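Asker: Curious how this folds, go ahead:
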Amino acid sequence: MIEGIDPAKVPRHVGCVMDGNGRWAEQFGLPRTEGHAAGEQALLDTVYGALDLGISWLTVYAFSTENWRRPSDEVRFLMNFNRGLLRRRRDELNDLGVRIRFIGRRNWRVPRSVLREMDSAEALTKENTTLTLTMAFNYGGRAEIVDAVRDIVAQGYRPSQVNDSVISAHLYQPEMPDPDLVIRTSGEYRISNFLLWQLAYSELVFVDEYWPDFRREHLFEAVKLYQGRSRRYGGVKEQRSR
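Answerer: Residues are numbered from 1 along each chain as shown. Next comes the predicted model:
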């Protein structure tokens, strides 16, 4: 096991806000798109790190509902890049026992060619059980809650029937456990509309490195910080009698 990490206390589910690609590129005088390309290795190394630790679920923020506001050439690059990433890496991930899943709106804004690659990756890896890699793509936490409420209303629930469990059951991926740990890179201290419902009691770790520089060692350090915290879920830690 990794030195300094208690294998009995490894988080079941880790989320990553992969931030800082554009700024990473700009510091080297490169186009912002080069930062997104460089982030691919960071993602793969983080997946390998999650496998090393025995993490069961890894969810990464790949493209938000707000990212459509970026320059059109950057958006176009991201669509093509994510499509190419799935083609390049799905067999490798499948061989590792990784199940690929997606959460987000699969609407008219996402090119059909990208949707086909998403469907293909999910179909290829659907039986895998070692790690579930969920990509939040065309995703927003508020949009997910809105879509859940719309489904609940459409199914005719009475107000008195709506509770936490009902809302959770209508989220994009109801079987996904809430994240134990969420990591955000680039030194920003925000969650930026990521898994708003699910983050109610997640531990948050913010790291200064831009996403292209993130590696499994940074994941290990974040898990060590997580293991040093006390999770009370609104209660108090039980005191031992003397």
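Asker: contacting residues around the residue lying closest to residue 24 once chain neighbours are set aside?
Answerer: If you skip the residues right next to it in sequence, residue 24 has residue 210 as its closest partner in space, 3.9 Å away by Cβ to Cβ, 6 or more residues apart in numbering. For glycine as for every other residue, the C-beta is placed from the backbone atoms N, C-alpha and C. Residues in contact with residue 210 (Cβ atoms under 8 Å, 6 or more residues apart in numbering) are 19, 20, 21, 23, 24, 35, 185, 186.
Asker: Identify the farthest-apart pair in those residues.
Answerer: In these, two members sit farther apart than any others by Cβ to Cβ. They are 35 and 185, at 11.7 Å.
Asker: between the two, what contacts are shared?
Answerer: Once Cβ under 8 Å, 6+ apart is applied, the residues that residue 35 and residue 185 both contact turn out to be 20, 210, 211.
Asker: which residues in the chain form helices?
Answerer: 21-27, 32-53, 72-95, 112-125, 141-154, 164-169, 216-227 (DSSP state H).
Asker: which stretch among these comes nearest residue 193?
Answerer: Nearest of those to residue 193, taken as Cβ to Cβ: helix 141-154 at 4.6 Å.
Asker: Quick check: which helices or strands does the closest one pack against?
Answerer: With contacts taken as 3 or more Cβ pairs under 8 Å, 6 or more residues apart in numbering; DSSP states H and E, helix 141-154 sits against helix 164-169.
Asker: Just give me how far the helix it packs on sits from the chain centre.
Answerer: Between the centre of helix 164-169 and the centre of its chain there are 20 Å (Cα atoms, centre = their mean, to the nearest Å).
Asker: what do you get for stretch 149-166?
Answerer: 26 Å.
Asker: Out of the helices of the chain, which gets nearest to residue 102?
Answerer: In terms of Cβ to Cβ, the element of the helices of the chain nearest to residue 102 is helix 112-125, at 5.2 Å.
Asker: outside of the closest one, which residues touch it?
Answerer: The contact list for helix 112-125, computed with Cβ under 8 Å, 6+ apart, reads 79, 82-83, 86-87, 90-91, 93-94, 98-102, 106, 137.
Asker: Return the set of buried residues in the least confident helix or strand in the chain by mean pLDDT.
Answerer: Counting by mean pLDDT, DSSP states H and E, the chain has its least confident helix or strand at helix 72-95, which shows a mean of 93. Using 16 or more other Cβ atoms under 10 Å as the burial criterion, the residues of helix 72-95 that qualify are 74, 77-79, 81-83, 85-86, 89-90, 93-94.
Asker: What's the local residue count around the residue nearest to residue 86 when sequence neighbours are not counted?
Answerer: Nearest residue to residue 86 in three dimensions, chain neighbours excluded: residue 117, at 4.4 Å (Cβ to Cβ, 6+ apart). The number of residues packed near residue 117 is 18, by other Cβ atoms under 10 Å.
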